[in-house]
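>>> Fold the following and give me the result.
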Amino acid sequence: MPHRPNRLYLSSDALVANWRALARLSGPAACGAAVKADGYGLGARAVVQRLIGAGCRDLFVASWAEAEELADLAREAGVSLAVLHGLREADLTLLAALPDVRPVLSTAAQVARWRFAAPGRACDVMVDTGMNRLGIAAEEIAAGLLDDVVVDTLMSHLACADEPGHAMNEAQRARFAALAGRTNAARMSLANSAGIALGAGYHFDLTRPGLALYGGVPVAGLVGAICPVATIAAEVLQCRTIAAGETVGYNATWQASAETRVAIVNLGYADGYRRALSSRGCAFAGDAALPVVGRVSMDLVALDVGRADVREGDWVRFDDDLVHVAEASGISQYELLTGMGRRFDRHWS
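Numbers count the residues shown, from 1 in each chain. Predicted structure coming up:
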């Protein structure tokens, strides 16, 4: 297969360092990892292998299809693998093939389905503490919904952890803490990446970071603790010099104020480099910044290379600071990561 004209450079050291930093911040609580959405776009199997090697023992995916792809790695390492979206009727056929995978049950119907299909087998349970997304109600627990169910981890999810001063954080923490001892759960888990930074009161027995593992910084409390994991690089297809007054790209949205040297690069929104970065993004040749000019198109980006020594066939790298890119584009760090396409050659170092 011909080599692809864009690459995703991925740092094993950065991924492991981020997990270890989050584990330290989690204090005595175990630190797991959300590896859903194909490891937030980086490649779930490669991510899981590295996290297991670093000491991670609790993995979370969204669906049973995702669990099926990773179950062999979890089984061989003896680590926990849980499915956050519970147990649908259609998932029952996978129970026998994936005996070590736990669903995170979130409705009374799912609890009944699990009780019938896998009596005595451990599960996890999501309880809603105010986000009004997935989860059973505390009142259902009080009414005995889980009395005969073996629960490994009782969990909930914070709605506003990336806003440390938001009153809802403490309200959810208090509601969740009030459930201690109300079930037979061996563990309790509330905090995501941003939740870890809220402090020890949010850590309970297990934290479940996602975004920060992959280089995202959802809250100021994690600045300095998290480093980028993924860097986009793309090949220059053509260089040209345009005269003052000429435009670049679709709809002529950018006009040169002076003679400008422009490089056309093999990258576009089909690769996950968002159209919102039109005339807002930035690439680099060495230390020289190369601003994106004009509209990002499906497969191509134009860069103002100024006096940088950039030529056809060279490779340039794009800004890997997710906070910067999110601010420039108005696109969340989560979307930027998970939206990276499959056309990249992924290179782990």
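>>> low pLDDT regions in the protein?
Along the chain, segments meeting pLDDT under 70 span 1-2.
>>> domains in it, as residue ranges please.
12-222, 230-319 (automatic domain parsing).
>>> to the chain's geometric centre, what's the distance from the first one?
The chain centre lies 14 Å from the centre of domain 12-222; the measure is Cα atoms, centre = their mean, to the nearest Å.
>>> Rebuild the domains of the chain as CSV, extending it with mean neighbour count and distance to R4.
All C-beta spots, glycine's among them, are computed from the backbone N, C-alpha and C. Output for the domains of the chain, formatted as CSV (neighbours: other Cβ atoms under 10 Å; distance: least, Cβ to Cβ, whole Å):
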stretch, mean neighbour count, distance to R4
domain 12-222, 19, 14
domain 230-319, 18, 9
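>>> Kindly reformat those as TSV containing distance to Q333.
Below are those laid out as TSV (distance: least, Cβ to Cβ, whole Å):
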stretch	distance to Q333
domain 12-222	4
domain 230-319	11
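>>> So which of those is nearest L337?
Closest to L337 of these, according to Cβ to Cβ: domain 12-222, at 4.7 Å.
>>> what helix or strand does the closest residue in space to R280 that isn't next to it in sequence sit in?
Once flanking residues are discounted, R280 sits nearest to A328: 4.5 Å by Cβ to Cβ, 6 or more residues apart in numbering. Remark: A328 resides in helix 322-329, with elements defined by DSSP states H and E.
>>> What residues sit buried inside the helix or strand immediately after that helix in the chain?
Downstream of helix 322-329, the next assigned helix or strand under DSSP H and E is helix 333-338. Buried residues in helix 333-338, counted by 16 or more other Cβ atoms under 10 Å: 333-334, 336-338.
>>> List just the nearest of those residues to V316.
Distances from V316 to those, taken by Cβ to Cβ, are shortest for L336, at 18.2 Å.
>>> wait, the closest one sits on S329?
Yes. At 7.3 Å, L336 counts as touching S329 under the criterion of Cβ atoms under 8 Å.
>>> joint contacts of the two?
Residues touching both L336 and S329 (Cβ atoms under 8 Å, 6 or more residues apart in numbering): R274.
>>> now the helices for the stretch 51-200 of the chain?
Shown for the stretch 51-200 of the chain, the helices assigned by DSSP state H, counting those that start in this stretch span residues 64-77, 108-117, 138-142, 167-177, 193-196.
>>> Which elements pack onto the longest one?
Using 3 or more Cβ pairs under 8 Å, 6 or more residues apart in numbering; DSSP states H and E as the contact criterion, the neighbours of helix 64-77 among helices and strands are helix 44-54, strand 58-61, strand 80-83, strand 101-105.
>>> Contacts for it next, please.
By Cβ under 8 Å, 6+ apart, helix 64-77 touches 35-36, 38, 44-45, 48-49, 52, 59, 61, 80-81, 83, 91, 94, 97-98, 100-101, 103.
>>> make it 7 Å
36, 44-45, 48-49, 52, 59, 61, 81, 83, 91, 94, 98, 100-101 (Cβ atoms under 7 Å, 6 or more residues apart in numbering).
>>> The last one now?
With Cβ under 7 Å, 6+ apart as the test, helix 193-196 has contacts from 22, 25-26, 158, 161-162, 202-203, 207, 209-212, 218-219.
>>> In terms of secondary structure, what does the top strand by length along the chain contact?
In the chain, with assignment by DSSP state E, the single longest strand is strand 230-242. Judged by 3 or more Cβ pairs under 7 Å, 6 or more residues apart in numbering; DSSP states H and E, strand 230-242 is in contact with strand 6-10, strand 260-265, strand 315-318.
>>> export these to CSV and tack on distance to P291?
Output for the helices and strands packed on strand 230-242, formatted as CSV (distance: least, Cβ to Cβ, whole Å):
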stretch, distance to P291
strand 6-10, 19
strand 260-265, 10
strand 315-318, 11
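>>> still on that earlier bit, what is the subsequent helix or strand relative to the longest strand of the chain?
With DSSP H and E, the next secondary element past strand 230-242 is strand 247-248.
>>> Pull up the pairing partners for that following strand, direction included.
In the sheet, strand 247-248 lines up against strand 254-255 (antiparallel) (DSSP bridges).
>>> Contacts only, for V223.
V217.
>>> Now do it against G245, distance only.
V223 is 42 Å from G245, where distance means Cβ to Cβ, to the nearest Å.
>>> S279 against G294, yeah?
Yes. At 6.4 Å, S279 counts as touching G294 under the criterion of Cβ atoms under 7 Å.
>>> Now for these two: what residues contact both?
253-254.
>>> Against E170, how distant is I141?
With Cβ to Cβ as the criterion, I141 and E170 are 21 Å apart.
>>> Mind telling me what element the closest residue to G53 other than its chain neighbours is part of?
Leaving aside its chain neighbours, G53 sits nearest to V16 (7.5 Å; criterion: Cβ to Cβ, 6+ apart). According to DSSP H and E, V16 maps onto helix 12-25.
>>> follow-up on the earlier one: now do the helix holding A328 against strand 230-242: the angle between them, please.
40 degrees (axes from the mean of the first three to the mean of the last three Cα atoms, to 10 degrees).
>>> tell me what helix 322-329 is packed against?
With contacts defined as 3+ Cβ pairs under 7 Å, 6+ apart, helix 322-329 has these neighbours: helix 333-338.
>>> So which elements touch the helix it packs on?
Packing contacts for helix 333-338, counted by 3+ Cβ pairs under 7 Å, 6+ apart, involve helix 36-40, helix 322-329.
>>> Which one of those helices lies nearest to N6?
helix 322-329 (16.0 Å).
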